[in-house]
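S.K.: Return a 3D structure for these sequence lines:
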Amino acid sequence: MDCVNTIPKQARDTDFSRVMPWYLDDQAKNLRQTILLSSFDAPEFRSLFQGLRNVAGKIKITVAYAAEDATMASVIPGIRQTFQKFECANAQGEADARFSAFTTKLLPHLERSAVSATHTMIVIPSYFDFVRVEDYFRKQENTSYVTLSEYSSNKEVSRARQGFFSGKKALLLVTERFHFYRRYTIRGARTVVFYGLPDHANYYPELINATLSQRGEDEEIPDPAEIAVQVLYNKYDLLRLERVVGTKQARLMVTEARPMWRFT
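M.R.: Numbers count the residues shown, from 1 in each chain. Have a look, this model is predicted:
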């Protein structure tokens, strides 16, 4: 945005009789009308909004999510959902703090569980975090996993899905953008871990409820109590969190000292 409405270095064929004086005075950024439209709010939009300097002022329209309108209300009842909060000093260190919380707290807990040690799907919103986590698993001995990302070929997708469903691979790493483009029903998951909440809040119930989808005439649908969900979050996840649990509940979860919240 720093490059918008700047004065060209060369005049070329410009008809200066049609150029407003305030543009030549480098005041275009103060008179430009900027409209931001999105299906959901995000920190990047708010940062951009704060930098706008129109002399007529600015207005922001946001949504407050009631509990019944939050996407968690669409999760099949009986599924255990645990939200674990980790501390983060600043936004710049958020990625490192999340990775540390995952590798030192959440992952060891999963490995100690007889159920969560296998058939665990880990959903990672950011591709950069996905690469980092995959690199971590690659360096670990005896870690059985497969990956699905927006860059996976059809052959890789088929092989990964089959390996995870059959139990030959204990963990499945999947990006949010993979679900955005492919929308496959991932079979075989008994534990769903959200490395971070998805930007598209409707993916939260979609990915969870898929664990109880009908797999075939000869396959039994697992009981909801057999499915577990683990979510990592911090205070900088407020905008994502409120779309999932509701605005009021989200504010409680980021302001109170309580480190863990459970829902069913």
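S.K.: residues contacting the residue nearest to residue 194 when sequence neighbours are not counted?
M.R.: Closest residue to residue 194 apart from its sequence neighbours, by Cβ to Cβ, 6 or more residues apart in numbering: residue 231 at 4.4 Å. C-beta here means a position set from N, CA and C on the backbone, and glycine is covered the same way. Residue 231 is in contact with 81-84, 193-194, 197, counting by Cβ atoms under 8 Å, 6 or more residues apart in numbering.
S.K.: Now the two most distant members of those.
M.R.: The span of those, defined through Cβ to Cβ, is set by 82 and 197 at 13.2 Å.
S.K.: which one of those two has more residues nearby?
M.R.: residue 197 (25 against 16; other Cβ atoms under 10 Å).
S.K.: Run a quick check on the more buried one versus residue 204, I expect a contact.
M.R.: Yes. Using Cβ atoms under 8 Å as the test, residue 197 is close enough to residue 204 to be in contact (6.8 Å).
S.K.: Overlap in contacts, those two.
M.R.: residue 244.
S.K.: Just to check, residue 117 is in contact with residue 170?
M.R.: Yes. Shown here, residue 117 and residue 170 form a contact pair, counting by Cβ under 8 Å, at 6.5 Å.
S.K.: doesn't residue 185 make contact with residue 165?
M.R.: No. Using Cβ under 8 Å, residue 165 makes no contact with residue 185, being 10.4 Å away.
S.K.: Quick check: pLDDT value at residue 218.
M.R.: At residue 218, the model reports a pLDDT of 63.
S.K.: what are the phi and psi angles of residue 82?
M.R.: The phi and psi torsions at residue 82 (degrees, to the nearest 10) take the values phi -120, psi 120.
S.K.: just to revisit the earlier point, would the residue nearest to residue 194 count as being in a strand?
M.R.: Yes. Assessed with DSSP: H, G, I helix; E, B strand; the rest coil, residue 231 lies in a strand.
S.K.: Tell me what it is bridged to.
M.R.: When assigned by DSSP bridges, residue 231 has beta-bridge partners residue 83, residue 194.
S.K.: does residue 122 sit in a helix, a strand or a coil?
M.R.: Under three-state DSSP, the three-state class of residue 122 is strand.
S.K.: mind listing the helices in the stretch 51-200 of the chain by residue range?
M.R.: Using DSSP state H, counting those that start in this stretch, the helices found in the stretch 51-200 of the chain span residues 94-101, 107-112, 127-139, 154-166, 176-182.
S.K.: The ones you listed into a markdown table, with extra columns for distance to residue 35 and mean neighbour count?
M.R.: Below are the helices of the stretch 51-200 of the chain laid out as a markdown table (distance: least, Cβ to Cβ, whole Å; neighbours: other Cβ atoms under 10 Å):
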| stretch | distance to residue 35 | mean neighbour count |
| --- | --- | --- |
| helix 94-101 | 29 | 17 |
| helix 107-112 | 43 | 14 |
| helix 127-139 | 28 | 15 |
| helix 154-166 | 38 | 15 |
| helix 176-182 | 24 | 18 |
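S.K.: could you dump these to CSV with mean pLDDT?
M.R.: Formatted as CSV, the helices of the stretch 51-200 of the chain follow (pLDDT from 0 to 100):
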stretch, mean pLDDT
helix 94-101, 96
helix 107-112, 90
helix 127-139, 96
helix 154-166, 93
helix 176-182, 95
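S.K.: show me the contacts for residue 65.
M.R.: Applying Cβ under 8 Å, 6+ apart to residue 65 gives the contacts 242-243, 246-247, 250.
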